[in-house]
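>>> sequence plus the predicted model coming up.
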Amino acid sequence: MNAYHLVVRGRIVLETGVMEGELGINDGVIQTISPTQHLLKGVQVLDFGRSYVFPGLIDAHVHCYTNPEEGFRSNTAAAAVGGITTIMDMPYDSPDPITNVERFEAKVQLLEKESLVDVALWASIAKGGAEQIKPLAEAGAIAFKLSTFEADPYRFPRIPDDEVIKAMTFTREVGMVIAFHAENGELIESLIAEYTNQGLVAPRAHMETRPPVSESVEVLKLMEFAYWTGAKLHIVHVSHPRTLELIQWFQKQGVQVTAETCYPYVLMDVNDLERLGPKAKMNPPLRERSDVDRMWNYVKAGAFNLISSDHVPWDLSRKEAGKDNIFSAAPGLPGLEIMASLIFDYGVARGHLTPVQFANLFSHHPAQLFQIAAKGKIAPGYDADLTVIDPYAEWEIDERQFQTKARITPFHGQKVQGKVIHTIIRGCTVYDGKQIVQQPGFGKFVAGSAVKGKTRTDFVS
């Protein structure tokens, strides 16, 4: 028997269950799965014992360039340490969003010089720019992200309803997902003005001025648009169970709508916002404890397609700006380094999720939803992207040790069971449990499904 380039041993997490066995890998691709350890010969052998070997984790919601001082180098280093082998980077870059092919292609060149993990790129449109969808799809966009809330008229605009319907029609024609930040600006802006005039600017005001209806009403509208256009609709950062229940109702009617939540919405509540202030501010906001409990029950039931980080690496000054007025703080949290371990701790380590459910949320379902070829599961012919988690390791989150320059998290000091001890991408170790061992530029661009001549995997669940 010829030796494989790499043999990986451990508790292999397959689609059907966990198997103590080993993988034979050649040229960065999984060739063989053996249920018997010490059968395969390898030029290099990595034996992880009782640790879980997951398919490489995918974070579908990352903002590398919301803060342009961060970029791909520090953020993809954070991803590697957190066991994330592929990130999908959002298009709301500063100073210029990714709304045309020229900017998109420049970003591809940048990631191939600086990234340490594989990267797919979201694209967006400017107001009146729906016609850019087809050329951006052909350039390799993985999906399209729009907003019903105007955070910035240029970088993060509210797309008018007539343009939303056009955009949905165009994404349906190219067979791609269209996702939305769904919040109602009229409701939110009115409430913020009312609260500010009354001097109600303590942390809890952030949640009260963005009530659940400001999310659910926009999601309802988008799903009705998707019903009539036939679009593949994806709702990002669902923060409240009512929104998920409405999504389920439309799914039963045949609407192609999927749901994503983010790790803070199932791990924290508004009491944490009150206690920690700007450190725990994000849009949409943290909700009541009872809502969080229901959200977690939906995660356990498999109602959410995936969990993401919505990683936003603001520097400390942008957060501290809101210490006396929560509305002045920048929204968003870093999460690439800690998300997987936190959800493993709360889910798998405590018996609320099986390893297969964990892999579905972070690997199989994101790859399937966004048509990411050859990634998302451990199977022959797939990229040897692997995330190894020691289920017995106990450690403490220390924001001062983050790879990202945004060394701030509401989870600082929290003890966690389950630690990423190895990250492998295309058969090569990127993080060995102690340090990054590859150089910037190791990461590759992951092209979207509309790219001509792209080799595709059969995406059957």
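Great, that's in hand.
>>> just name the shakiest helix or strand of this structure by mean pLDDT.
Every helix and strand of the chain was ranked by mean pLDDT, DSSP states H and E. The lowest is helix 316-320, at a mean of 93.
>>> how about residues contacting it?
67, 278-279, 281, 329-330, 406-408 (C-beta atoms under 8 Å, 6 or more residues apart in numbering). All C-beta atoms are positioned from the backbone trio N, CA, C, and that covers glycine.
>>> change it to 6 Å
Helix 316-320 is contacted from outside by 278, 329-330, 408, using C-beta atoms under 6 Å, 6 or more residues apart in numbering.
>>> closest one to residue 86 out of these, please.
Nearest to residue 86 among those, counting by C-beta to C-beta, is residue 408 at 24.9 Å.
>>> for the chain, give me the ranges with low pLDDT.
Scanning the chain for pLDDT under 70 picks out the ranges 1, 452-461.
>>> returning to what we had before: redo the contacts of helix 316-320 as a markdown table? Include secondary structure.
As requested, the contacts of helix 316-320 are arranged in a markdown table below (DSSP: H, G, I helix; E, B strand; the rest coil):
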| residue | secondary structure |
| --- | --- |
| 278 | helix |
| 329 | coil |
| 330 | coil |
| 408 | coil |
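>>> which of these are buried?
Buried members of the contacts of helix 316-320, counted by 16 or more other C-beta atoms under 10 Å: 278, 329-330, 408.
>>> closest one to residue 263 out of those residues, please.
Residue 263 lies nearest to residue 408 out of the buried ones among the contacts of helix 316-320, by C-beta to C-beta, at 15.6 Å.
>>> just the CA atoms of the helix or strand encompassing residue 220, as CSV, please.
If you go by DSSP states H and E, residue 220 is part of helix 212-229. This file holds the C-alpha atoms of helix 212-229, laid out as CSV (Å, rounded to 0.1, in the frame of the first residue of the first chain):
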residue,chain,number,x,y,z
PRO,A,212,-38.8,42.5,18.0
VAL,A,213,-41.4,44.0,15.7
SER,A,214,-38.7,46.1,14.0
GLU,A,215,-37.2,42.9,12.8
SER,A,216,-40.2,40.7,12.2
VAL,A,217,-42.1,43.2,10.1
GLU,A,218,-39.3,43.5,7.6
VAL,A,219,-38.7,39.8,7.4
LEU,A,220,-42.5,39.4,6.7
LYS,A,221,-42.2,41.8,3.8
LEU,A,222,-39.1,40.1,2.4
MET,A,223,-40.7,36.7,2.5
GLU,A,224,-43.7,37.9,0.7
PHE,A,225,-41.4,39.4,-2.0
ALA,A,226,-39.6,36.0,-2.2
TYR,A,227,-43.0,34.3,-2.6
TRP,A,228,-43.8,36.3,-5.7
THR,A,229,-40.3,36.4,-7.2
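>>> and the next helix or strand past that helix?
Once helix 212-229 ends, the next helix or strand along the chain (criterion: DSSP H and E) is strand 232-235.
>>> the helix or strand just after that following strand vs helix 212-229, what angle?
Per DSSP H and E, the first helix or strand lying C-terminal to strand 232-235 is helix 241-252. Angle, helix 241-252 to helix 212-229, by axes from the mean of the first three to the mean of the last three C-alpha atoms, to 10 degrees: 10 degrees.
>>> secondary structure class for residue 413?
Per three-state DSSP, residue 413 ends up coil.
>>> got the phi and psi for it?
Here is the backbone geometry of residue 413 (degrees, to the nearest 10): phi 90, psi -10.
>>> and for it, the neighbour number?
By other C-beta atoms under 10 Å, 10 other residues sit near residue 413.
>>> still on that earlier bit, please save the CA atoms from the least confident helix or strand of the chain in CSV.
The C-alpha coordinates for helix 316-320 follow below in CSV (Å, rounded to 0.1, in the frame of the first residue of the first chain):
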residue,chain,number,x,y,z
LEU,A,316,-11.9,49.9,21.7
SER,A,317,-12.4,53.6,21.1
ARG,A,318,-15.5,53.0,18.9
LYS,A,319,-17.0,51.0,21.8
GLU,A,320,-16.0,53.4,24.6
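>>> give me the beta-bridge partners of the spatially closest residue to residue 444 that is not a sequence neighbour?
Nearest residue to residue 444 in three dimensions, chain neighbours excluded: residue 118, at 5.1 Å (C-beta to C-beta, 6 or more residues apart in numbering). For residue 118, the beta-bridge partners are residue 86 (DSSP bridges).
>>> residue 118 and residue 431, how far apart?
Distance, residue 118 to residue 431, using C-beta to C-beta, to the nearest Å: 14 Å.
>>> run the chain-centre distance for stretch 108-120.
Relative to the centre of its chain, stretch 108-120 is centred 16 Å away, using C-alpha atoms, centre = their mean, to the nearest Å.
>>> kindly check the end-to-end length of it for me.
One end of stretch 108-120 sits 9 Å from the other (C-alpha to C-alpha, to the nearest Å).
>>> mind listing what's buried along that stretch?
Residues 108, 111-112, 114-120 are the ones in stretch 108-120 that count as buried (16+ other C-beta under 10 Å).
>>> ok, residues contacting that stretch?
Contacts for stretch 108-120 (C-beta under 6 Å, 6+ apart): 72-73, 76-77, 79-80, 85-89, 142, 438, 440-446.
>>> same thing with stretch 389-405?
Stretch 389-405 has contacts (C-beta under 6 Å, 6+ apart) with 51-52, 70, 74-75, 77-78, 81, 313, 334, 337-338, 344, 407-409, 411-412, 414-421.
>>> could you flag which of the contacts of stretch 108-120 are buried?
Buried among these (16+ other C-beta under 10 Å): 72-73, 76-77, 79-80, 85-89, 142, 438, 440, 442-446.
>>> before we move on, back to that, among the contacts of stretch 108-120, which lie within strands?
85-89 (DSSP state E).
>>> can I get those residues in TSV with distance to residue 259?
Below are the ones in strands among the contacts of stretch 108-120 laid out as TSV (distance: C-beta to C-beta, whole Å):
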residue	distance to residue 259
85	23
86	20
87	20
88	16
89	21
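>>> now for those residues, which pair is the farthest apart?
Across these (C-beta to C-beta), the longest gap, 14.1 Å, separates 85 and 89.
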